[in-house]
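J.: Mind folding the following:
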Amino acid sequence: MQQQVPWWAQQQQQQWVPGGLQFVPGVTDADTDVERNLTTEGGPLTQAGWTTWRRLPAGLTTDAPAPLPFQNDLHLFVRGTDNGIYWNRLSRRTGWGEWRELPGGGRTPAAPAAIVFGGRPHVFVRGTDSRIYQNTLGANNQWGGWGQVPGNATTPSGPWAVVHNGVLYLLIRGTNNDILYQRYDGQWRGWRRLPGGGRTSDTPAAVSAQGGLRVFARGTDNRIYSTVMVREGQWTQWAEVPGGGETLSGPGVVLYRGNIYLVVRGTDDNIYHNIRQANGRWTGWREVPGEGRTPSGPRGTRFANRLYYFVRGTDNGIYVTIRTRR
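T.: Sure, this is the predicted structure:
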């Protein structure tokens, strides 16, 4: 890996080296083991069981971050203020590292998407030509470079990637605001339009949970809608997510302890979530504790048995809050 300092990196205690993060003399396990010290990765605990929102030590973004657990670390991909695609990771022992640009000189005008498939991380972006491109971290821990996803589809927003029943699904907003998806099971199967006439004004979100592939989208009326693929090619009708919530950006969604956490930017730029429990009932929209604000859609992930939300702050910093095991 080329050892160059990225344009936005700041001096930190941890230094990026091929193969991982190294310890810095004078820093002890007790200081850096985030399993025992939550303040390393998030702020103090609130009474609601969430940490307060904390800004990452370095990095700026102009869109939603893309978190990805992989090999015991939490990786984070963002669009930089120069439209480059940057990468950092959180080690459970040493904390956050330095930001590095993904090799290949890729540029994007939208948020990236990341997923583990076939045992390797895959990053997808909308290119400056509005086509969709992919970069994969190989078994040699080297990025393979950017290549176009077959099919020549174009999108005005970022993509979303999810794995369902061992198959990778890539979803995008079409140029006429319909929702398209493509399957990858060793080869790409061609773009299809999601049935039902659903329209979106942003990136759709999807999660494999509770008996199907569940897709969520911001409607053209800013309400949040959902459809479910119960088996391949068979989709339910679009229905509004209960609770009457509205959003100005694409939603985020994550499965945590059997429940679906749907998280959005509200019309007041605050961050709200609605939880679909294993019994199929929604809890209703509630503000995520901590009074966080964002001009983009939030994103979530499960890591180390905790639920993480990441957002772009109003200052373009990258912020995180964590739901603990309590």
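J.: which residues touch I179?
T.: With contacts defined as Cβ atoms under 8 Å, 6 or more residues apart in numbering, I179 is in contact with L171, I172, R173, R193, L194, G198, R199, T200, P204, V215, A217. For every residue, glycine as well, the C-beta is placed using N, CA and C.
J.: Ranking by neighbours, what's the top pick from those?
T.: Among those, A217 has the most neighbours (other Cβ atoms under 10 Å), with 30 neighbours.
J.: Distance from stretch 80-94 to the middle of the chain?
T.: Chain-centre distance of stretch 80-94: 12 Å, with Cα atoms, centre = their mean, to the nearest Å.
J.: what comes up buried for that stretch?
T.: Within stretch 80-94, the residues that count as buried by 16 or more other Cβ atoms under 10 Å are G80, G84, I85, Y86, W87, N88, R89, L90, S91, R92, R93, T94.
J.: For these, which two are the farthest from each other?
T.: The most widely separated members of those, counting by Cβ to Cβ, are G84 and R93 (28.2 Å).
J.: which ones among the contacts of I179 are found in strands?
T.: In strands, judged by DSSP state E, the following of the contacts of I179 are found: L171, I172, R173, R193, V215, A217.
J.: could I get the buried residues of stretch 80-94 as a markdown table with secondary structure and distance to R286?
T.: A markdown table is the format used below for these (DSSP: H, G, I helix; E, B strand; the rest coil; distance: Cβ to Cβ, whole Å):
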| residue | secondary structure | distance to R286 |
| --- | --- | --- |
| G80 | coil | 32 |
| G84 | strand | 36 |
| I85 | strand | 33 |
| Y86 | strand | 32 |
| W87 | strand | 32 |
| N88 | strand | 29 |
| R89 | strand | 30 |
| L90 | strand | 26 |
| S91 | strand | 32 |
| R92 | coil | 29 |
| R93 | coil | 33 |
| T94 | coil | 34 |
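J.: which of these lies closest to G266?
T.: Distance to G266, by Cβ to Cβ, is smallest for G80 among these, at 26.0 Å.
J.: Just the pLDDT for the closest one.
T.: Per-residue confidence (pLDDT) for G80: 98.
J.: Now it: closest residue in space that isn't a chain neighbour?
T.: Y86 (5.0 Å; Cβ to Cβ, 6 or more residues apart in numbering).
J.: Please convert the ones in strands among the contacts of I179 to JSON lines, extending it with distance to R223 and pLDDT.
T.: As requested, those are exported to JSON lines (distance: Cβ to Cβ, whole Å; pLDDT from 0 to 100):
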{"residue": "L171", "distance to R223": "19", "pLDDT": "98"}
{"residue": "I172", "distance to R223": "20", "pLDDT": "98"}
{"residue": "R173", "distance to R223": "16", "pLDDT": "98"}
{"residue": "R193", "distance to R223": "21", "pLDDT": "96"}
{"residue": "V215", "distance to R223": "15", "pLDDT": "98"}
{"residue": "A217", "distance to R223": "10", "pLDDT": "98"}
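J.: So which of those residues is the closest to N316?
T.: Nearest to N316 among the ones in strands among the contacts of I179 is R173, at 23.2 Å by Cβ to Cβ.
J.: Contacts only, for the closest one.
T.: Applying Cβ under 8 Å, 6+ apart, we find R173 in contact with T155, P156, S157, I179, L180, T200, S201, D202, T203, P204.
J.: Leaving out chain neighbours, which residue sits closest to the last one?
T.: If you skip the residues right next to it in sequence, P204 has A217 as its closest partner in space, 4.4 Å away by Cβ to Cβ, 6+ apart.
J.: Quick one: residues contacting that neighbour.
T.: Shown in contact with A217 (Cβ under 8 Å, 6+ apart): I179, G198, T200, D202, P204, A205, I224, Y225, S226, G250, P251.
J.: The second one and Q148, how far apart?
T.: It stands for G198. Per Cβ to Cβ, to the nearest Å, G198 is found 26 Å from Q148.
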